[in-house]
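Undergrad: fold the following and give me the result.
(one chain, ligands or ions: 1)
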Amino acid sequence: MKRILITGGCGFVGRHLVNKLLSEGSDVWIIDNLFSGKHPDAWLSESYKPKVHFVQENLVEFLNNNSDWPYFDEVYHLAAVVGGRAVLIEQNPMFVAYDQVIDSTFFSWAVKNKEKIGRILYVSSSVAYPNKLQSREAGGQIAMKEEFLDLRNNLGEVGIPESIYGWIKVNGEYLAGVTAKKYGLPVVCVRPFSGYGEDQDLSYPIPSIALRAVKREDPLVVWGSGNQTRDFVYIDDFVDALCLAIRNISDGRGVNIGLGQATSFKEVARLMAEIEGYSPKIQPLAEKVEGSFTVLADPALIKSLGWKPKYSIKEGFVKVLAKIKLDLKNSR
Ligand SMILES: NC(=O)c1ccc[n+]([C@@H]2O[C@H](COP(=O)([O-])OP(=O)(O)OC[C@H]3O[C@@H](n4cnc5c(N)ncnc54)[C@H](O)[C@@H]3O)[C@@H](O)[C@H]2O)c1
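TA: Next up is the predicted model:
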């Protein structure tokens with residue numbers, strides 16, 4: 001039986017990861033201040049509650065103020081100020097800068113307590129890749145390969161990411177590399193592309209477009225030109241990849257989590273409308289931010305570890321739309 005620590009375990013990714021690890025029989029510790037997370041009472045089944053130790057506190061304060069730690073076989077560091085880009089990354093980037101404090105405190109704590117930690121996973125992001133490779137100016141769909149951002153030696157180049165959030169993830173990956181190389185802790189960094197699922201906050205694009213499609217809005221609007229693409233990955237496949245990565249990689253390298261499939265927001269809207277059985281006009285909202293133009297993974301490394309995504313984009317969208325419909329019905 002493993003004891004596992006998950007920081008930010010009450011967030012979208014964390015909730016799914018906690019449930020997966022509990023289903024494997026592990027004991028799980030969660031540290032989460034519920035800044036954007038949901039209290040475990042809202043999503044954890046009664047039968048699992050005895051296996052979960054939940055601490056509702058700011059991770060920075062909790063790590064700094066406690067010295068008596070049990071042994072953790074695996075530590076997943078997910079806690080971060082994220083929010084859909086309209087909420088924080090665009091409106092209040094300096095708020096997101098607090099992630100720098102969270103990550104620095106986390107890796108300092110890990111190094112100080114290295115005898116009590118088996119393996120570490122740091123959640124970076126596709127946004128850490130250089131923006132010039134993901135921009136319109138790049139002139140095509142360039143699949144991000146892990147070697148485009150390799151911070152484990154001092155020979156590579158660092159490209160400028162698209163936002164402060166990306167910069168902080170680059171910094172976090174650097175700290176992860178130092179933790180692995182200098183202090184000998186097994187660490188992996190994962191770079192998820194666009195994770196989505198039924199219980200994701202409505203400030204994220206997939207649930208918000210799904211809500212508009214369920215309401216059969218016509219025109220059905222999408223942000224920016226609508227031609228910008230993302231590599232969407234369903235949350236169950238996402239957390240499977242996290243577990244594979246932490247158990248198979250230990251030298252601090254980054255690994256992509258994405259299907260290797262670029263889908264534009266216009267295509268997302270079209271597919272959702274098709275699933276809902278109507279044909280609206282798809283209308284781009286040029287005044288809304290579109291972010292990077294192409295965000296596409298090369299998933300060769302994670303697939304070489306045995307990752308086999310179970311959900312196509314259509315299958316994932318069907319699940320999201322069904323849940324939104326159910327929630328709407330229950331709210332009436
Ligand atoms: N969802 C995705 O597709 C995606 C893609 C790339 C990277 N990521 C990364 O995965 C991680 C989880 O993302 P998510 O989508 O679940 O976001 P989320 O906002 O749902 O989860 C983040 C969690 O961290 C908690 N938190 C924030 N500040 C904290 C603090 N100071 N102390 C303790 N807890 C704190 C929040 O309350 C929340 O529960 C983040 O590091 C994010 O950058 C997610």
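
Undergrad: for the protein, which segments are assigned as helices?
TA: 12-23, 59-65, 93-96, 98-112, 131-134, 164-181, 205-214, 235-248, 265-276, 300-304, 313-331 (DSSP state H).

Undergrad: make a markdown table from the ones you listed and add mean pLDDT and mean neighbour count to it.
TA: Bear in mind the C-beta positions are built from the backbone N, C-alpha and C, glycine included. Below are these laid out as a markdown table (pLDDT from 0 to 100; neighbours: other C-beta atoms under 10 Å):
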| stretch | mean pLDDT | mean neighbour count |
| --- | --- | --- |
| helix 12-23 | 98 | 21 |
| helix 59-65 | 98 | 16 |
| helix 93-96 | 85 | 14 |
| helix 98-112 | 97 | 18 |
| helix 131-134 | 94 | 19 |
| helix 164-181 | 95 | 22 |
| helix 205-214 | 96 | 22 |
| helix 235-248 | 98 | 21 |
| helix 265-276 | 98 | 20 |
| helix 300-304 | 98 | 17 |
| helix 313-331 | 95 | 15 |
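
Undergrad: got the ones you listed as CSV, with distance to residue 146 columns?
TA: As requested, those are exported to CSV (distance: least, C-beta to C-beta, whole Å):
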stretch, distance to residue 146
helix 12-23, 20
helix 59-65, 27
helix 93-96, 24
helix 98-112, 20
helix 131-134, 13
helix 164-181, 11
helix 205-214, 25
helix 235-248, 11
helix 265-276, 26
helix 300-304, 6
helix 313-331, 23
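
Undergrad: residues of the stretch 1-150 of the chain that sit close to the ligand?
TA: Applying C-beta under 6 Å from any ligand atom, one finds that the stretch 1-150 of the chain approaches the ligand through 8, 10-14, 31-37, 58-60, 78-82, 102, 123, 125.

Undergrad: how about residue 129: what's its closest non-neighbour residue?
TA: residue 144 (4.8 Å; C-beta to C-beta, 6 or more residues apart in numbering).

Undergrad: name the residue of the stretch 101-250 of the chain that lies nearest to the ligand.
TA: residue 195 (2.8 Å; C-beta to the nearest ligand atom).

Undergrad: roughly how far does that residue sit from residue 311?
TA: Residue 195 sits at a distance of 12 Å from residue 311 (criterion: C-beta to C-beta, to the nearest Å).

Undergrad: okay, those two: which has more neighbours?
TA: The neighbour count for residue 195 versus residue 311, taken as other C-beta atoms under 10 Å, is higher for residue 195 (23 against 19).

Undergrad: quick check, that one in contact with residue 231.
TA: No. The criterion here is C-beta atoms under 8 Å, and residue 195 misses it with residue 231 at 10.1 Å.

Undergrad: give me every residue that touches residue 306.
TA: Listed by C-beta atoms under 8 Å, 6 or more residues apart in numbering, the contact set of residue 306 reads residue 244.

Undergrad: kindly recompute the last result at 10 Å.
TA: Listed by C-beta atoms under 10 Å, 6 or more residues apart in numbering, the contact set of residue 306 reads 240, 244, 248.

Undergrad: now swap in residue 266 and tell me
TA: 220, 222, 225-229, 282-284.

Undergrad: in the chain, which residue is closest to the centre?
TA: residue 192 (5.4 Å; C-alpha atoms, centre = their mean).

Undergrad: that residue contacts residue 233, doesn't it?
TA: Yes. Residue 192 is within contact range of residue 233, at 6.9 Å (criterion: C-beta atoms under 10 Å).

Undergrad: hey, what's in contact with both of the two?
TA: Once C-beta under 10 Å, 6+ apart is applied, the residues that residue 192 and residue 233 both contact turn out to be 241, 256-258, 297.

Undergrad: which one of these is nearest to the ligand?
TA: For these, the nearest to the ligand is residue 257 (8.1 Å; C-beta to the nearest ligand atom).

Undergrad: report the contact partners of that closest one.
TA: 123-126, 190-195, 231, 233, 237-242, 244-245, 297, 299, 301-302, 307, 309.

Undergrad: if we can go back for a sec, spatially nearest residue to the residue nearest to the centre of the chain (excluding sequence neighbours)?
TA: Among residues not flanking residue 192 along the chain, residue 257 sits closest, at 4.3 Å (C-beta to C-beta, 6+ apart).

Undergrad: swap in residue 194?
TA: Residue 194's closest residue in space is residue 230 (C-beta to C-beta, 6+ apart), at 4.2 Å.

Undergrad: burial count for the one you found?
TA: Residue 230: 24 neighbours (other C-beta under 10 Å).

Undergrad: strands of the stretch 1-150 of the chain, start to end?
TA: 3-7, 27-31, 52-55, 72-77, 117-123, 143-144 (DSSP state E, counting those that start in this stretch).

Undergrad: cool, thanks, signing off.
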